[in-house]
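Engineer: have a look; sequence and predicted model below, questions after that.
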Amino acid sequence: MESLLQYLDRFSELLVVSRTTHVRTWDPLTVRRALQWARYLRHIYRRFGRHGPIRTTLERRLHSQWRQEGGFGRGPVPGLANFQALGHGDVLLSLRLLENQALGDAARHYLVQQLFPGPGVPDADETLQESLARLARCGSAVHMLRFNGCRKNLNLQEDSLMKTQAELLLERLQEVGKAEAEGPARFLSSLWERLPQNNFLKVIAVALLQPPLSPRPQEESEPSIHKTPGEGSQALVHWLLGNSEVFAAFCRALPAGILTLVTSRHPALSPVYLGLLTDWGQRLHYDLQKGIWVETESQDVPWEELHNRFQSLCQAPPPLKDKVLTALETCKAQDGDFEVPGLSIWTDLLLALRSGAFRKRQVLGLSPGLSSV
Amino acid sequence: MAQDSVDLSCDYQFWMQKLSVWDQASTLETQQDTCLHLTQFQEFLRKMYETLKDMNSNTIFERFPTIDQLLAKACWNPFILAYDESQKILIWCLCCLINKEPQNSRQSKLNSWIQGILSHILSALRFDKEVALFTQGLGYAPVDYYPGLLKNMVLSLASELRENHLHGFNTQRRMTPERLASLSRVCVPLITLPDVDPLVEALLVCHGHEPQEILQPEFFEAVNEAILLKKISLPMSAVVCLWLRHLPSLEKAMLHLFEKLISSERNCLRRIECFIKDSSLPQAACHPAIFRVVDEMFRCALLESDGAPEIIATIQVFTQCFVEALGKENKQLRFALKTYFPYTSPSLAVVLLQDPQDVPREHWLQTLKHISELLREAVEDQTHGSRGDPLESWFLFVHFGGWAEMVAEQLLRSAAEPPAALLWLLAFYYSPHDGRQQRAQTMMVCRGTLQAW
């Protein structure tokens, strides 16, 4: 077992080095050894992937490697990302080496010969060649479908690219959570600082809307032994609740409909969301001349958007909808319980929501009886 | 050898030109043209590889000075990279260009360039910068998530297609014909990639809103080819849709079956049955439109071959398999017999379609006499407006080998006077074109032979 763990360590190191200029010093023998280790680990993965104790030991070793590299606050894991990566470690290594222009002539020639031996060469490792060919084919397929077939204006959670990113995020969070209890929070914070924030927020939203059990397809379908669905999204909710500025950005960036869906799915978020909306509302003041509610400062949320969000929330199913209405009524009461428009924003919002609902019932042909708003 | 090399140089020029025109295959015309030539281009790549693999880099460049451009252009065409084994062969060709021991910086640079191109082919054509940053930020490489991404895209498109026919009046949500056509074109090189099966199935099965066919013919041809060569496995419903929507595919499937039957040497009935069942045609023929086309092709084959016994045997086995498949169909969804045999009287069709084994032994003679009567009526009576052409009736009877065999059996077995009805049937089976008198003569000869025996 110890020797296996050493292989794992050395191979992880190799992966890291394969991206650096250090490969200049590599000769064909080094490349050969590296590929052999990769092949060996792939074999281990295939044989013992379902074997609880061995898999756990290997995973723990990977986790301790990550911790040694500074945990999750610093950057992405440079070596092996997770246990599944062992299944295609040879592909990972090969691609990194191919991308590295620092590779010497002899090493490069040897590498290419090993990766693409050609048809019918005896003793050749055809699996690697086939995996690489399949990857190229897959890539073209994705490219062609994206540019020639996919719908442009999709709902966010229906977009395949968003969905895939969300699945990756959830998987990673689960992995990180296994390695370190506080891992996910630090990891998410580091991502927030490093990555394009707009995209990140969208991915978080889609991740929070994923159905509870969504296993990622592997080359060989094997059951993930430590599967507890929903861990990843719990970690996300927890982090959002603990980072108010992120949550504020989240609520501003995403459209009303998405936020309603997210808060229905994760009730823990609704009080904070409502709190934010209340804060936003209080920043608006009534302009007597124009007869509308306007922002105090340019970055405040305007009336239309506020109304939009409340309208969307009022169309949500019962527990959330009632909470929202109660909150609005409470605010209205605190403001003085006015019925006349122009004095309290909460009164006006409620009036707008009611008349909107009334008009909607008319359009749908429903009886104009007691509206539930 | 010399001729081969001249051919290769000609081909080389041809393909160089084609690739330049196609560029990245981003327009409808370039996509269609690329799809039409995918198979031949792959063949050309194979031939190139066979030639290049025995040469060293310098010799290659002397012979084909622009080879690097040709291969590079091919790499930029996603349709070529997506097709079958083209990406693999392309890579092999590129590997041949590498200098084992570069003598100067130019050769070194060439090696670097080739490394770059190989990396490009395998880098899975990244697009959004944000997405790339995100996935890298998480620590994932394309090989980790590209299969999952493809799966998501395929499933999303497949479910969109399935729901397409629900959006009757909601034209916003409907898929535009251009997008449908584009999707079908894009699938042509991908047909043998198993991840794309759900999308292929959805395309075949989806109902459009337009009166004319939207999907590109090259799509249907490619799917059909893959089905015949067993490179794809689709559910029966999708195959039936394919054959219903694209007649040439059905015809090709039949021809493929005929070729197999002709080319294999000694065909026992068991083997014929195997080939036929394997082709999925009997099952598909449960749909009357398909049955009619198949039947028509059998009729043509029979006429062309002047009633060759091999063709008759094939028809009989096919009909047996067809009746078996029909029996397994959901009773409520079954079509009326008239749709399969429109020119036959319903009573005759019903009797013939019975399995002889299902009829109790003591009723065999009676049933055969009944069949004989009905057929004789159809053949000899020309005033009732039915198709009096004896060939139609004969062709119908020929389908049902079980009954034809039974006639002979009954005649040989019974010790009593052979019934005229059975004699007529036998004479008709072997000589449908005889006039009344001729047939009466044949019947007499037959009777005489049997009695003598």
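Structural biologist: Sure thing, it's come through. Numbering: from 1, shown residues only, chains lettered A, B, ... in the order given.
Engineer: going forward, measure contacts between C-alpha atoms and count neighbours the same way
Structural biologist: OK.
Engineer: can you list the residues that contact the lengthiest helix in chain A?
Structural biologist: In chain A, taking DSSP state H as the definition, the longest helix is helix A:126-148. With contacts defined as C-alpha atoms under 8 Å, 6 or more residues apart in numbering or on different chains, helix A:126-148 is touched by A:90-91, A:115-117, B:78-79, B:81-83, B:85, B:87-88, B:121-127, B:143, B:146-147, B:149-150, B:153, B:179, B:182-183, B:186, B:190.
Engineer: flag every buried residue along it.
Structural biologist: A:126, A:128-129, A:131-146, A:148 (16 or more other C-alpha atoms under 10 Å in any protein chain shown).
Engineer: CA-only coordinates of it in PDB, if you can.
Structural biologist: Once non-C-alpha atoms are left out, helix A:126-148 reads as follows in PDB (Å, rounded to 0.1, in the frame of the first residue of the first chain):
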ATOM      1  CA  GLU A 126      -4.300   1.700 -27.900                       C
ATOM      2  CA  THR A 127      -6.500   2.800 -25.100                       C
ATOM      3  CA  LEU A 128      -4.700   6.100 -24.800                       C
ATOM      4  CA  GLN A 129      -4.800   6.700 -28.500                       C
ATOM      5  CA  GLU A 130      -8.500   5.900 -28.500                       C
ATOM      6  CA  SER A 131      -9.200   8.200 -25.500                       C
ATOM      7  CA  LEU A 132      -7.400  11.100 -27.200                       C
ATOM      8  CA  ALA A 133      -9.200  10.500 -30.500                       C
ATOM      9  CA  ARG A 134     -12.500  10.400 -28.600                       C
ATOM     10  CA  LEU A 135     -11.700  13.600 -26.800                       C
ATOM     11  CA  ALA A 136     -11.000  15.400 -30.100                       C
ATOM     12  CA  ARG A 137     -14.300  14.100 -31.500                       C
ATOM     13  CA  CYS A 138     -16.200  15.100 -28.400                       C
ATOM     14  CA  GLY A 139     -14.700  18.600 -28.600                       C
ATOM     15  CA  SER A 140     -15.800  19.000 -32.200                       C
ATOM     16  CA  ALA A 141     -19.200  17.800 -31.400                       C
ATOM     17  CA  VAL A 142     -19.600  20.300 -28.600                       C
ATOM     18  CA  HIS A 143     -18.300  23.100 -30.800                       C
ATOM     19  CA  MET A 144     -20.700  22.200 -33.700                       C
ATOM     20  CA  LEU A 145     -23.700  21.700 -31.600                       C
ATOM     21  CA  ARG A 146     -23.100  25.000 -29.800                       C
ATOM     22  CA  PHE A 147     -22.700  27.100 -32.900                       C
ATOM     23  CA  ASN A 148     -25.200  25.400 -35.100                       C
END
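Engineer: state the mean pLDDT of that helix.
Structural biologist: Averaged over helix A:126-148, pLDDT sits at 89.
Engineer: and stretch B:58-74, by the same measure?
Structural biologist: 92.
Engineer: let me see the ranges of the helices in the stretch 201-350 of chain A.
Structural biologist: Assigned by DSSP state H, counting those that start in this stretch, the helices in the stretch 201-350 of chain A fall at A:231-242, A:244-253, A:256-265, A:270-282, A:303-314, A:318-335, A:345-364.
Engineer: just the stretch 201-350 of chain B next, same as before
Structural biologist: Counting by DSSP H, counting those that start in this stretch, the helices of the stretch 201-350 of chain B are B:217-228, B:236-245, B:247-263, B:269-278, B:281-284, B:288-304, B:309-328, B:337-340, B:346-353.
Engineer: contact partners of the fifth one?
Structural biologist: What it means is helix B:281-284. B:236, B:239-240, B:254, B:276, B:290-291, B:318-319, B:321-322, B:325-326.
Engineer: now do 7 Å
Structural biologist: Here helix B:281-284 makes contact (C-alpha atoms under 7 Å, 6 or more residues apart in numbering or on different chains) with B:240, B:290, B:318, B:321-322, B:325.
Engineer: same deal with stretch B:181-190?
Structural biologist: Residues contacting stretch B:181-190 (C-alpha under 7 Å, 6+ apart): A:141, A:144-145, A:148-149, B:35, B:79, B:82-84, B:196, B:214-216, B:219, B:222.
Engineer: farthest-separated two in those residues?
Structural biologist: B:D84 and B:I214 (24.9 Å; C-alpha to C-alpha).
Engineer: neighbour count winner among these two?
Structural biologist: Shown here are B:D84 and B:I214; by other C-alpha atoms under 10 Å in any protein chain shown, B:D84 has more neighbours (20 against 17).
Engineer: residues contacting the closest residue to A:A207 other than its chain neighbours?
Structural biologist: Leaving aside its chain neighbours, A:A207 sits nearest to A:A166 (4.5 Å; criterion: C-alpha to C-alpha, 6 or more residues apart in numbering or on different chains). Contacts were defined as C-alpha under 7 Å, 6+ apart; by that measure A:A166 touches A:203-204, A:206-207.
Engineer: ok now the helix or strand harbouring A:A166, how far from the chain's centre?
Structural biologist: Using DSSP states H and E, A:A166 sits in helix A:160-179. Centroid separation for helix A:160-179 versus its chain: 5 Å, with C-alpha atoms, centre = their mean, to the nearest Å.
Engineer: how near is the residue located most distally from the centre of chain B to B:A308?
Structural biologist: Each residue of chain B has a distance to the centre, and by C-alpha atoms, centre = their mean the biggest one is for B:N104: 54.3 Å. B:N104 sits 72 Å away from B:A308, going by C-alpha to C-alpha, to the nearest Å.
Engineer: also A:P196?
Structural biologist: For A:P196 relative to B:A308 (C-alpha to C-alpha), the value is 74 Å.
Engineer: what does B:Q115 give?
Structural biologist: Remark: distance between B:Q115 and B:A308 (C-alpha to C-alpha) = 61 Å.
Engineer: more neighbours: those two, which one.
Structural biologist: Set side by side, B:Q115 and B:A308 show more neighbours around B:Q115, with 23 against 12, by other C-alpha under 10 Å.
Engineer: can you give me phi and psi for that one?
Structural biologist: phi -60, psi -40 (degrees, to the nearest 10).
Engineer: touching, it and A:L98? I think so.
Structural biologist: Yes - using C-alpha atoms under 7 Å, B:Q115 is in contact with A:L98, at 6.3 Å.
Engineer: can you name the residues of the stretch 1-150 of chain A that neighbour chain B?
Structural biologist: A:76-78, A:81, A:95, A:98-99, A:101, A:109, A:112, A:116, A:118, A:132-133, A:135-145, A:148-149 (C-alpha under 7 Å from any C-alpha of the partner chain).
Engineer: can you give me the helices in the stretch 351-453 of chain B?
Structural biologist: Shown for the stretch 351-453 of chain B, the helices assigned by DSSP H, counting those that start in this stretch span residues B:364-380, B:390-399, B:401-413, B:420-430, B:436-452.
Engineer: just put those in a markdown table and tack on mean neighbour count.
Structural biologist: Listed next are the helices of the stretch 351-453 of chain B as a markdown table, based on neighbours: other C-alpha atoms under 10 Å in any protein chain shown:
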| stretch | mean neighbour count |
| --- | --- |
| helix B:364-380 | 18 |
| helix B:390-399 | 19 |
| helix B:401-413 | 16 |
| helix B:420-430 | 20 |
| helix B:436-452 | 14 |
